[in-house]
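# Make a model of this:
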Amino acid sequence: GMGIDKSNVSFVLHHSMPKDMESYYQEAGRAGRDGSDAECIIFFSKKDIMINKYLIEQSENTELQERNKEKLQVMINYCNRKGCLRQFILDYFGEYGSQECHNCSNCLKVHKEADITIDAQKVLSCIARCKISYGSTTINKILKGRNDDFLKSRNLNSLSTFGIMKDKSERYISSVIDFLIAEGCIIRSDGQYPTLSLGSSANDILRNKKTVLMPVYETDLNNDDDKRNKRQKEYLTGYSKELFSVLKKLRREIADENHVPPFIIFSDATLTDMCKKMPLYKKDFLSVSGVGEVKYKKYGDAFIEAINSFKNYYNI
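Got it, this is the predicted structure:
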């Protein structure tokens, strides 16, 4: 449950894909409410999709089933998206902003981009060559060259695209299909048995007029450390992390004495601004974000004393 009434949550981790964007936005939105930097990470897999679909199909209301499947597809598209994630959320809820937030994993490029144009052409060509529309599982089997009874009965094993991606794993083929759906190159129909058809941009890809670059996330995230650290250093520029630790410890001590959560004393954002300004007098302390007369009277002297001791110790 995400009934968390705290302002200083700075990290939210989803271990699996939520069922819809409304749920994800509410849960991820618990982070960063005090204005400080916050991080939200979501892990997802095919299994999450299967579980969510199973739960949706338990409803006897057919109309509700279809509506919830459409919402789940939006969440799938979000997880497979190449562009700005914030922009995707804004568009979904009818809000509009700049094209890039310069803050999400896609904007920060904390992944590699692979040129999958040829593989995308193979997938799109396979869909185009089928006389009728089929689902992603069937298209995957054709590309992989699975010569089962279903494909034989429909003569799909005679297509020129049969087995054209036999050197690729089914998981990879599936990820390419999902990515092309998220990018609008493939249209997935509604209904209990969704089928695939070509989107408006498919022809440009098939005619070599458009290059397809797909994000590739490494299993070992060490490759992303440099970019993450660079961003953290940029954020931390302008104040001492040592002083921040000193003030956090003081905040904890005061909170314990008063039997209240630390953020009730001062938020992380307030401590950060305090570290940047290092106030030693009342007028300067009151200029710190999140500090008013009441909090100055309660805690001002203790924090000013800590800042003054820190400045003297380091000869600042």
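# Let me know the secondary structure of Pro215.
Reducing the assignment at Pro215 to three states with DSSP: H, G, I helix; E, B strand; the rest coil gives strand.
# Once you drop chain neighbours, what's closest to it?
His111 (4.5 Å; Cβ to Cβ, 6 or more residues apart in numbering). Yep, even glycine has a C-beta here, placed from its N, CA and C like the rest.
# and that neighbour, how many residues sit next to it?
By other Cβ atoms under 10 Å, 18 other residues sit near His111.
# Report the separation between it and Lys82.
Separation of His111 from Lys82 (Cβ to Cβ, to the nearest Å): 10 Å.
# wouldn't Pro262 be in contact with Glu253 here?
No. Pro262 sits out of contact with Glu253 when judged by Cβ atoms under 8 Å, with a separation of 9.6 Å.
# Who has more neighbours out of those two?
When neighbours are counted by other Cβ under 10 Å, Pro262 and Glu253 differ, and Pro262 comes out ahead with 19 against 13.
# any idea how far that one is from Leu180?
Using Cβ to Cβ, Pro262 is found at 47 Å from Leu180.
# Ile49 too?
16 Å.
# Tell me how many other residues surround Arg132.
Actually, residue 132 is Ile. It isn't Arg. Ile132 has 6 nearby residues by other Cβ under 10 Å.
# Now do the helices in the stretch 151-300 of the chain.
Taking DSSP state H, counting those that start in this stretch as the test, the helices found in the stretch 151-300 of the chain are 170-182, 202-206, 225-236, 241-258, 262-265, 268-277, 282-285, 293-295.
# Compare these and give me the one nearest Asp301.
helix 282-285 (9.5 Å; Cβ to Cβ).
# Residues contacting that closest one, please?
For helix 282-285, contacts defined as Cβ atoms under 8 Å, 6 or more residues apart in numbering pick out 277, 279, 291, 296, 300, 303-304.
# swap the cut-off to 10 Å and go again
274, 277-279, 291, 293, 295-297, 299-301, 303-304, 307 (Cβ atoms under 10 Å, 6 or more residues apart in numbering).
# go on, stretch 155-162?
Against stretch 155-162 from outside (Cβ under 10 Å, 6+ apart): 122-131, 134, 138-139, 141-148, 150-152, 163.
# ok, 6 Å please
If you take Cβ atoms under 6 Å, 6 or more residues apart in numbering as the criterion, stretch 155-162 is touched by 125-126, 129, 142, 145, 147, 151.
# Could you give me the buried positions within stretch 124-141?
124-127, 130, 133-134, 136, 138-141 (16 or more other Cβ atoms under 10 Å).
# That should have said stretch 37-56, apologies.
For stretch 37-56, a neighbour-count test (16+ other Cβ under 10 Å) marks 38, 40, 42, 44, 48-49, 52, 56 as buried.
# When you compare pLDDT across the residues you listed, which one is lowest?
Among the buried residues of stretch 37-56, Ile49 carries the lowest pLDDT, at 84.
# For it, give me its contacts.
Contacts of Ile49 (Cβ under 6 Å, 6+ apart): none.
# Overlap of the contact sets of His111 and Lys82?
In contact with both His111 and Lys82: Pro215, using Cβ under 6 Å, 6+ apart.
# Surely Asn77 is in a helix?
Yes. Counting by three-state DSSP, Asn77 is located in a helix.
# doesn't Ala182 make contact with it?
Yes. Taking Cβ atoms under 6 Å as the definition, Asn77 is a contact partner of Ala182 at 4.1 Å.
# neighbour-wise, which of the two wins?
More neighbours surround Ala182 than the other of Asn77 and Ala182, with 22 against 19 (other Cβ under 10 Å).
# pLDDT below threshold where in the stretch 1-150 of the chain?
Scanning the stretch 1-150 of the chain with the threshold set as pLDDT under 70 gives 1-3, 97-98.
# Tell me where it has helices.
Using DSSP H, counting those that start in this stretch, helices in the stretch 1-150 of the chain cover 21-28, 46-56, 62-79, 85-92, 105-108, 117-129, 136-144, 149-153.
# Can you name the residues bridging to Arg188?
Leu196 (DSSP bridges).
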